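Engineer: Quick one: sequence and predicted model below, then my questions.
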Amino acid sequence: MKDFSIYLVPLLIPIVAIVMGIGIGMLAVYLNYRKRKEMFALYHQERMAAIEKGIELPPLPEAFFREDDKPSSPHGTLLGGLILVFIGVTLFIALYFMVGLSIALFALIPLGIGLAFLIYYFAVGRKEAERLEAERKAKALAANQPSAR
């Protein structure tokens, strides 16, 4: 009887990769849900205690309802676009010389997505980045000025 492990390992690699990939994704979703649930419960307890003591409640912060922890940066769109464009170009060149044009055309997918990111950045994101930078400078300037008493 032949050793079946040489046939079994190549079959297990994609199965394990798929199961682990889906499992890690499900774990991330579950942990994010649990974190948000605990955060809402703690905030609710704090608000109920403030109501019982008669303390005025501050409004809920806007970041409290956001899904992501950090605010998105317009420069992230530029970076993502540049990365995808270069991946698409590099993949196209490599596939063109290794396999041929018919397969290399699939590399135009990340290239097209990257170009869409770049178009968005130059149409909208750059203005947003300039506005955020101006707000940051204004806050820094206001923080550095002594208050008149």
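Structural biologist: Cool, got the structure.
Engineer: and residue 55, helix, strand or coil?
Structural biologist: coil (DSSP: H, G, I helix; E, B strand; the rest coil).
Engineer: What residues sit buried inside the helix or strand of the chain with the lowest mean pLDDT?
Structural biologist: Lowest by mean pLDDT, DSSP states H and E among the helices and strands of the chain is helix 126-144, with a mean of 82. Within helix 126-144, the residues scored as buried using 16 or more other CB atoms under 10 Å are residue 129. Heads up, the C-betas are built off the backbone N, CA and C, glycines and all.
Engineer: Helices along this structure, start to end?
Structural biologist: Assigned by DSSP state H, the helices in the chain fall at 5-53, 74-98, 101-104, 108-120, 126-144.
Engineer: and the gap between residue 130 and residue 75?
Structural biologist: Computed as CB to CB, to the nearest Å, the residue 130 to residue 75 distance reads 11 Å.
Engineer: Hmm, I typed the wrong one, I wanted residue 102.
Structural biologist: 37 Å.
Engineer: tell me the domain ranges of this protein?
Structural biologist: 1-67, 72-149 (automatic domain parsing).
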